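Engineer: sequence plus predicted model, see below.
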Amino acid sequence: MEKSKILIIGATGSLGYHLAEASLKFCHPTFALVRHSAFSHPHKAQKLHSLSLAGATLLKGSLEDETTIAEAVSLVDVVICAVSAKQSLLQKLLIRVIRQLGSIKRFIPSEFGSDPTRAHVSELDDLHNFYAPKIEIRRLLEAEGIPHTIISCNFFMRILLPSLAQPGLDAPPRDKVTIYGDGNTKGVFMKESDVAAFTINTVDDPRTLNKVLYLRPPGNVCSLNELVEMWEIKIAKKLERLHVSEGELLQKIKGTSYPANFEMLFIYSAFIKGDHTYFDIEPPSGVNGTQLYPHLKYTTISEFLDTLV
Ligand SMILES: NC(=O)c1ccc[n+]([C@@H]2O[C@H](COP(=O)([O-])OP(=O)(O)OC[C@H]3O[C@@H](n4cnc5c(N)ncnc54)[C@H](OP(=O)(O)O)[C@@H]3O)[C@@H](O)[C@H]2O)c1
């Protein structure tokens with residue numbers, strides 16, 4: 001089967017760059033819509049140069065400019081957007097253009113986190129405000145009848161895992177560690193390049209059309225207690241455990257303003273409320289990435305921790 005032509009929006013960003021690389025690796029004709037300013041930014045220009053050398057076609061434009069969006073969208077079969085969470089609603093104009101052109105076989109919106117429709121947000125306005133735009137984009141896609149796939153990958157490994165879920169640290173602790181709640185609720189961590197590989201595998205797959213692809217691979221699902229035990233074995237040392245209850249964590253979150261409470265919010269969501277894992281991946285709307293694509297290799301939590309020892 002001929003590979004779909006893919007447009008990546010956000011290729012100079014963290015996830016978007018991996019998406020563009022994966023699209024090229026899996027031999028899709030690959031296009032990137034890039035803002036003018038990125039070409040004069042040293043690090044972004046380097047990323048663009050490397051994508052261009054690998055065969056990507058770079059198109060100048062912006063999600064805020066209807067003409068450049070329409071030109072780019074008309075060249076491809078699939079659009080993948082990877083703007084940051086705070087830019088989610090910028091996708092509305094893109095969605096309008098996709099509907100008007102009517103030629104796109106699949107749109108993958110910028111979601112790439114835990115499922116916002118499953119998150120426990122009732123006590124916390126900051127979590128609600130983070131997820132609401134992503135839910136709004138999902139509802140818009142459904143209302144407009146745009147063929148889509150949602151990627152629900154849970155945490156990227158660069159979020160919380162380098163500190164063993166210790167807010168404020170950027171390396172794993174070696175003496176004391178704080179466990180939130182009872183420490184038994186499981187969360188999921190995925191390397192961004194692996195998320196990108198799974199994402200690209202969905203684009204021509206009828207099994208993922210209008211579905212949510214959940215990523216929960218074996219080796220990437222673990223509780224705080226399991227995470228600390230894994231780390232203790234790697235550094236051959238027992239850590240002193242401090243405990244923070246759900247109520248104490250909620251108080252700390254509420255006493256800190258967003259986004260400074262960002263890490264605590266996501267610890268609460270994943271490791272207290274179990275937002276990554278409390279529900280089964282069920283048809284008709286949910287599909288399991290590791291079951292659909294067993295051939296894809298991915299980095300496990302243990303392998304990631306090995307790089308930190
Ligand atoms: N699951 C997790 O743990 C996790 C963690 C982080 C992010 N995420 C999700 O991953 C997705 C991508 O986030 P990220 O952190 O990779 O984003 P990022 O690094 O901030 O990159 C954002 C990209 O969007 C581009 N962009 C911004 N405004 C644009 C516009 N008007 N027109 C065209 N391009 C525009 C930026 O281009 P410029 O170079 O021109 O600025 C950049 O390439 C989001 O959905 C986010 O919620 C998930």
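Structural biologist: Yes, it's here.
Engineer: for the residue in the stretch 1-150 of the chain positioned nearest to the ligand, which non-adjacent residue is spatially closest?
Structural biologist: Using CB to the nearest ligand atom, G13 is the residue of the stretch 1-150 of the chain that sits closest to the ligand, at 2.0 Å. (Each C-beta comes from the backbone N, C-alpha and C, glycine too.) Among residues not flanking G13 along the chain, A82 sits closest, at 5.7 Å (CB to CB, 6 or more residues apart in numbering).
Engineer: leaving out the residues flanking it, which one is nearest to L292?
Structural biologist: R207 (6.1 Å).
Engineer: and for K134?
Structural biologist: K134's closest residue in space is P116 (CB to CB, 6+ apart), at 4.5 Å.
Engineer: now do the contacts for the residue most central in space within the chain.
Structural biologist: In the chain, the residue lying closest to the centroid (CA atoms, centre = their mean) is F112, at 2.8 Å. By CB atoms under 8 Å, 6 or more residues apart in numbering, the residues touching F112 are L15, A82, I151, C153, F156, V195.
Engineer: that one sits in which helix or strand?
Structural biologist: Here F112, judged by DSSP states H and E, is contained in no helix and no strand.
Engineer: how close does it sit to L213?
Structural biologist: From F112 across to L213, the span is 11 Å (CB to CB, to the nearest Å).
Engineer: anything in contact with each of the two?
Structural biologist: Common neighbours of F112 and L213 (CB under 8 Å, 6+ apart) are I151.
Engineer: quick one on the thing from earlier: residues in contact with the residue nearest to G13?
Structural biologist: I8, I9, G10, A11, G13, L15, G16, L19, S110, F112.
Engineer: just the ones of those in helices?
Structural biologist: L15, G16, L19 (DSSP state H).
Engineer: on the three-state scheme, the residue nearest to K134 is what?
Structural biologist: coil (DSSP: H, G, I helix; E, B strand; the rest coil).
Engineer: what pLDDT is listed against it?
Structural biologist: We have a pLDDT of 96 for P116.
Engineer: again, but for S122
Structural biologist: 79.
Engineer: can you tell me which residues contact it?
Structural biologist: H128.
Engineer: same check on I179?
Structural biologist: So I179 contacts L224, N225, V228, R241, L242, H243, V244 (CB under 8 Å, 6+ apart).
Engineer: quick check: the fifth one touching D175?
Structural biologist: Spelled out, that is L242. No: the criterion here is CB atoms under 8 Å, and L242 misses it with D175 at 10.7 Å.
Engineer: which residue ranges of the stretch 151-300 of the chain form helices?
Structural biologist: For the stretch 151-300 of the chain, the helices defined by DSSP state H, counting those that start in this stretch cover 192-202, 224-235, 246-254, 262-267, 289-292.
Engineer: follow-up on the earlier one: ok, the residue nearest to L292 to P284 distance?
Structural biologist: Relative to P284, and taking CB to CB, R207 is found at 11 Å.
Engineer: ends of stretch 145-159, what's the gap?
Structural biologist: End-to-end distance of stretch 145-159 (CA to CA, to the nearest Å): 33 Å.
Engineer: residues of that stretch that come out buried?
Structural biologist: I146, H148, T149, I150, I151, S152, C153, N154, F155, F156, M157, I159 (16 or more other CB atoms under 10 Å).
Engineer: wait, which of the contacts of F112 is closest to V309?
Structural biologist: F156 (20.5 Å; CB to CB).
Engineer: next one: the closest residue to that closest one other than its chain neighbours from the ligand, what distance?
Structural biologist: Nearest non-adjacent residue to F156, counting by CB to CB, 6+ apart: E192, 5.1 Å away. Distance, E192 to the ligand, using CB to the nearest ligand atom, to the nearest Å: 8 Å.
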